[in-house]
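*Asks:* Pasting the sequence and the predicted coordinates here, then a few questions.
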Amino acid sequence: MVPTTLAQIPELKQIETIIKGRNKTHLSSKVLCYVPFQDNLLPIYALTLGNQVQDVPCITYVAGVHGLERIGTQVVVTFLEGLLERLEWDQVTVDLLQRVRIHILPLINPIGMYNNTRANGQGVDLMRNAPIDSQEKTIWLGGGHRISPSLPWYRGKAGMPMQPEAQALCDFIIREVFPASFSIVLDCHSGFGFRNQIWFPYARSRLEPIKHIKEVYYLRKLFMHTYPHQEYLFEPQAKHYLVHGDLWDYLYLESLERGNIFLPLTLEMGSWRWVRKNPLQIRQLLGLFHPMKPHRHRRVLRSHLILLDFLLHATLSYQNWIHKSREPEIEKMALSLWYS
């Protein structure tokens, strides 16, 4: 069934235009699931480029988990369009894709985007929906609750299956990403603070570092040394707040049983800067999460491409640096930086 709401979700229309475009020799796509909305079914797409052999290194870009945070989807789609354009003329990009796999899940919550809501059509915050609880006390409501879908950060009813959007994302990661010898996920969000931040698990504990803390620390070191003038803050999500039901905590714990390295990261774009420079945009709910001025919007779309490109190359080249992360002093430096 073809939805009639595409005009009201321009990001979804843009994704489908890309799928139908001229790059079918490089780009494959599938629908992970359809979510019912009004008299339509809205698709959740996964787009794939590169080597399809399961154990090659793999990077996945995710966006649109929260419907209000449209800029995440736009950043990911802009990056994809650039890759497809380069495949038309750039031999370096063509060769690169022989040795790495790229997944792009650009819009996980289309109903939330249509409704301009954080939650999905059932009022559930998908980033609070996994079957996992924080080990420590969370902030009231914001850490995830089961009171009512009319309140923000609702987790869903206890004991119920995950929402179809969250389940589709988790199933895809487990099936398509976990078999890779090394994988990174970047989940793009907006709306927290004045700085652009890169977070990694856990969101459930301030005290427990992840098993791959050394690898994350060394990845951060590579990024800081390669781009010394960037302004990202790179640290555990738990340094900011704890939550129940975090999808990436859940998937990271699931990945530990597989033995391969799976590093889920979250990009939290600092939307308060946009509000500070243009206070009038708070008159719109979207203005709290989105750069409304055209010149600022263009700047955001291009400013994160360096990060997305760096993570692609770090994934492809992981064997050149991963052994260096296992030197004894690396773990000490990581713990000192984030868990002292």
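*Replies:* Great, that's in hand. Residues are numbered from 1 along each chain as shown.
*Asks:* Would you confirm that residue 188 contacts residue 269?
*Replies:* Yes - checked against CB atoms under 8 Å, the pair residue 188 and residue 269 is within contact range at 7.4 Å. Quick note: C-beta positions are derived from backbone N, CA and C, even for glycine.
*Asks:* okay, and the common contacts of the two?
*Replies:* Here residue 188 and residue 269 have 71, 72, 75, 304 as joint contacts, going by CB atoms under 8 Å, 6 or more residues apart in numbering.
*Asks:* Share the number of residues neighbouring the last one, please.
*Replies:* Under the neighbour criterion other CB atoms under 10 Å, residue 304 is assigned a count of 21.
*Asks:* pretty sure it contacts residue 267?
*Replies:* Yes - Residue 304 is within contact range of residue 267, at 6.8 Å (criterion: CB under 8 Å).
*Asks:* Could you give the number of residues near residue 118?
*Replies:* Using other CB under 10 Å, residue 118 is surrounded by 23 other residues.
*Asks:* confidence score at it?
*Replies:* Per-residue confidence (pLDDT) for residue 118: 95.
*Asks:* What of residue 18?
*Replies:* pLDDT recorded at residue 18 is 95.
*Asks:* Distance of it relative to residue 185?
*Replies:* As judged by CB to CB, to the nearest Å, residue 18 and residue 185 stand 21 Å apart.
*Asks:* Please identify which of the two sits among more neighbours.
*Replies:* Applying other CB under 10 Å to residue 18 and residue 185 shows that residue 185 carries more neighbours, namely 23 against 20.
*Asks:* Tell me the secondary structure at the more buried one.
*Replies:* Three-state assignment for residue 185 (DSSP: H, G, I helix; E, B strand; the rest coil): strand.
*Asks:* Contacts only, for it.
*Replies:* Contacts for residue 185 (CB under 8 Å, 6+ apart) come out as 59, 60, 61, 62, 173, 177, 248, 262, 263, 264, 265.
*Asks:* So which of the residues you listed are in helices?
*Replies:* Among the contacts of residue 185, the residues falling in helices (DSSP state H) are residue 248.
*Asks:* Name the nearest of the contacts of residue 185 relative to residue 81.
*Replies:* Residue 81 lies nearest to residue 61 out of those, by CB to CB, at 12.5 Å.
*Asks:* surely the closest one meets residue 79?
*Replies:* Yes - using CB under 8 Å, residue 61 makes contact with residue 79 at a distance of 6.8 Å.
*Asks:* what sits in contact with each of these two?
*Replies:* By CB under 8 Å, 6+ apart, residue 61 and residue 79 have these common neighbours: 104, 308.
*Asks:* buried sites along the helix or strand of the chain with the lowest mean pLDDT?
*Replies:* Ranked by mean pLDDT, DSSP states H and E, the weakest helix or strand in the chain is helix 272-277, scoring a mean of 77. Neighbour-count burial for helix 272-277 flags 273, 274, 275 (criterion: 16 or more other CB atoms under 10 Å).
*Asks:* The first one reaches residue 194, doesn't it?
*Replies:* Yes - between residue 273 and residue 194 a contact is recorded at 5.1 Å, counting by CB under 8 Å.
*Asks:* what mean pLDDT does the helix or strand containing residue 298 have?
*Replies:* Residue 298 is part of helix 294-303 when elements are defined by DSSP states H and E. Over the span of helix 294-303, the pLDDT mean works out to 89.
*Asks:* Next: stretch 244-258.
*Replies:* The predicted model assigns stretch 244-258 a mean pLDDT of 96.
*Asks:* Next: stretch 225-241.
*Replies:* Taken as a whole, stretch 225-241 has a mean pLDDT of 95.
*Asks:* cool, and stretch 40-48?
*Replies:* Averaged across stretch 40-48, the pLDDT comes to 96.
*Asks:* For residue 58, which residues are in contact?
*Replies:* By CB under 8 Å, 6+ apart, the contact list for residue 58 reads 100, 101, 102, 103, 176, 177, 180, 182, 183, 184, 315.
*Asks:* Burial check on the spatially closest residue to the third one that is not a sequence neighbour, number of neighbours?
*Replies:* Which is residue 102. Distances taken as CB to CB, 6 or more residues apart in numbering put residue 49 closest to residue 102, at 4.4 Å, once the chain neighbours are dropped. Number of residues near residue 49 (other CB under 10 Å) recorded here: 21.
*Asks:* Do a quick rundown of the strands in the protein.
*Replies:* 28-37, 40-50, 58-63, 101-105, 182-190, 197-200, 233-236, 261-269 (DSSP state E).
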